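Novice: A structural model of the following input is requested.
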Amino acid sequence: MMCIQNKETFKRMLLWSGMIVSLLLAGCKDEPVDHAGRGLDYARGGEYDKAISEFTKAIEANPTSAESYYNRGLTYYYKGDNDRAISDYNKAIEINGRYAEAYDNRGNIYADKGEFDLAIADFSKALEIHPRFDRAYYNRGVVYNHKGQYDPAIADFTKAIELNPSYAGAYCNRGLAYGRNGQFDEAVLDLSKAIEINPGMPEAYNNRAVVYYGQKEYDKAWEDVHKAQGLGFKVSDGLFKALSEAAAAAATEK
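Specialist: Residues are numbered from 1 along each chain as shown. Sure, this is the predicted structure:
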């Protein structure tokens, strides 16, 4: 049995015991799990199913998180599940009607599905919210290209380049629009600029080869075809055939 010598000692022991109890109780609270952060880590590592599981848990914990719906939608998109991706982007936009990135990415899916008017509407909404959104100008320009509307496509790529002068894809696609519009000199300049910015872009070499073919610059066209092939690009049989026939005809004329 413990012997208590006096009242003061007893009081000090009670105070000390109470402090220990309070410290132990305070130190046993669980830290909240950052499911959204885990989901991003998994998505960056290509572990999409695990990422989706974590984003779902984040949504369960906070059903009004537009970002978690957006990130899960983006992960579904990477998995090729466009319908679920659109559903999540819809929810993100419902929660936050000014979510420019959600409009932009939903527009990309509509474009992939060939629903070009819906895509343009989403890109335009993204630009209404964020007028300096270079990617949305670029994406809308790509859709205009697909629709054969080259003048608005060129205008959108030009705006993307103004906002981001190192945007190789915008130069490449503006060059494509110029070429399809019969503006071959402008096309060559843009495609050459794209290659200057990103020498590893095979599409730019391939497209410039097509333009050189249109200008009857067959040697330059062949050179670009070989460069595109060297970068792993599958050059169309139609271009090979056209260049071969053109080269043969030129040799006969000589």
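
Novice: And the chain, what are its domain boundaries?
Specialist: With automatic domain parsing as the criterion, the domains of the chain are listed as 35-97, 112-198, 201-254.

Novice: so can I have JSON lines of those showing mean pLDDT and mean neighbour count?
Specialist: To be clear about C-beta, it is placed using only N, CA and C from the backbone, and glycine gets the same treatment. What follows is these, written out as JSON lines (pLDDT from 0 to 100; neighbours: other C-beta atoms under 10 Å):
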{"stretch": "domain 35-97", "mean pLDDT": "95", "mean neighbour count": "18"}
{"stretch": "domain 112-198", "mean pLDDT": "97", "mean neighbour count": "20"}
{"stretch": "domain 201-254", "mean pLDDT": "92", "mean neighbour count": "16"}
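
Novice: In TSV: these, plus distance to residue 106.
Specialist: TSV is the format used below for the domains of the chain (distance: least, C-beta to C-beta, whole Å):
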stretch	distance to residue 106
domain 35-97	4
domain 112-198	5
domain 201-254	25
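
Novice: Tell me which of those sits nearest to residue 104.
Specialist: Distances from residue 104 to each of the domains of the chain were compared using C-beta to C-beta; the minimum, 4.4 Å, belongs to domain 112-198.

Novice: Now the terminal residues of that closest one, how far apart.
Specialist: End-to-end distance of domain 112-198 (C-alpha to C-alpha, to the nearest Å): 25 Å.

Novice: start at 176 instead
Specialist: Sure thing, new numbering starts at 176, so read that last one as domain 287-373.

Novice: Can you name the residues that contact residue 230?
Specialist: Going by C-beta atoms under 8 Å, 6 or more residues apart in numbering, residue 230 touches 210, 211, 214, 243, 244, 246, 247, 250.

Novice: for the second one, what are its contacts?
Specialist: Meaning residue 211. Listed by C-beta under 8 Å, 6+ apart, the contact partners of residue 211 are 229, 230, 233, 240, 242, 243, 246.

Novice: same deal with the fifth one?
Specialist: With contacts taken as C-beta under 8 Å, 6+ apart, residue 244 has the following neighbours: 230, 234, 263, 264, 266, 267, 270.

Novice: Looking at those residues, spot the one nearest residue 219.
Specialist: Compare each of these with residue 219 using C-beta to C-beta and the shortest gap goes to residue 230, at 13.0 Å.

Novice: Name the SS class of the closest one, please.
Specialist: Under the three-state scheme (DSSP: H, G, I helix; E, B strand; the rest coil), the conformation of residue 230 reads as helix.

Novice: what's the nearest residue to it once chain neighbours are set aside sitting at in phi/psi?
Specialist: If you skip the residues right next to it in sequence, residue 230 has residue 247 as its closest partner in space, 3.8 Å away by C-beta to C-beta, 6 or more residues apart in numbering. According to degrees, to the nearest 10, the main-chain angles of residue 247 amount to phi -70, psi -40.

Novice: re earlier: which among the domains of the chain is found nearest to residue 280?
Specialist: domain 210-272 (6.1 Å).

Novice: Give me the distance between the two termini of the closest one.
Specialist: Separation of the first and last residues of domain 210-272 by C-alpha to C-alpha is 24 Å.

Novice: Also stretch 282-294?
Specialist: Comparing the first residue of stretch 282-294 with its last one, the separation is 4 Å (C-alpha to C-alpha).

Novice: Kindly report the same for stretch 264-282.
Specialist: End to end - C-alpha to C-alpha - stretch 264-282 spans 10 Å.

Novice: And the contacts of it?
Specialist: Here stretch 264-282 makes contact (C-beta under 8 Å, 6+ apart) with 239-242, 244-245, 248-249, 252, 260-261, 284, 293-298, 300-302, 304-305, 308, 310-311, 314-315, 318.
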